[in-house]
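Student: return atomic coordinates for the entry below.
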Amino acid sequence: MLRRIIFNIIILSSIFLSPWWWLPVILVIFSAFIFQHFWEAIIFGVLIDSLSGPSNLAFLFGLNNWIFTISLLTIFLMIDKFKKHLSFYK
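Tutor: Down below sits the predicted model:
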């Protein structure tokens, strides 16, 4: 539990302090793979969209403001399904 809180603090600080948008995304993907039911990934996706989302791009039928949220939700669901097929993950 303490390890999960530490990872959440690291991800939250990387969202606010990192000059690159991809670093918190990689940390969220890594955390979703390590922890079981890492629902905070969706919250972090909304936060990343709010702070550094591509609001000036016009694609995906108006879903451009939610691109990180949708991406992290999809990745979270894929990782959650993938973990069930791994023999070393419990």
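Student: ranges for the helices of this protein?
Tutor: 2-17, 22-34, 40-52, 67-83 (DSSP state H).
Student: any idea how far the longest one is from the middle of the chain?
Tutor: What separates the centre of helix 67-83 from the centre of its chain is 8 Å, taken as Cα atoms, centre = their mean, to the nearest Å.
Student: for it, C-alpha coordinates in CSV please.
Tutor: The C-alpha trace of helix 67-83 is given here as CSV (Å, rounded to 0.1, in the frame of the first residue of the first chain):
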residue,chain,number,x,y,z
ILE,A,67,-6.9,12.0,-25.9
PHE,A,68,-4.8,11.1,-22.9
THR,A,69,-7.8,10.0,-20.9
ILE,A,70,-9.1,7.7,-23.6
SER,A,71,-5.6,6.4,-24.4
LEU,A,72,-4.8,5.6,-20.7
LEU,A,73,-8.2,4.0,-20.2
THR,A,74,-7.6,1.8,-23.3
ILE,A,75,-4.1,0.9,-22.2
PHE,A,76,-5.3,0.2,-18.6
LEU,A,77,-8.0,-2.2,-19.9
MET,A,78,-5.5,-3.9,-22.2
ILE,A,79,-2.9,-4.3,-19.5
ASP,A,80,-5.6,-5.6,-17.1
LYS,A,81,-6.6,-8.3,-19.6
PHE,A,82,-3.0,-9.1,-20.4
LYS,A,83,-2.0,-9.7,-16.8
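Student: between that helix and helix 22-34, how many degrees?
Tutor: 30 degrees (axes from the mean of the first three to the mean of the last three Cα atoms, to 10 degrees).
Student: let's test this: mean pLDDT of helix 67-83, rounded?
Tutor: Taken as a whole, helix 67-83 has a mean pLDDT of 82.
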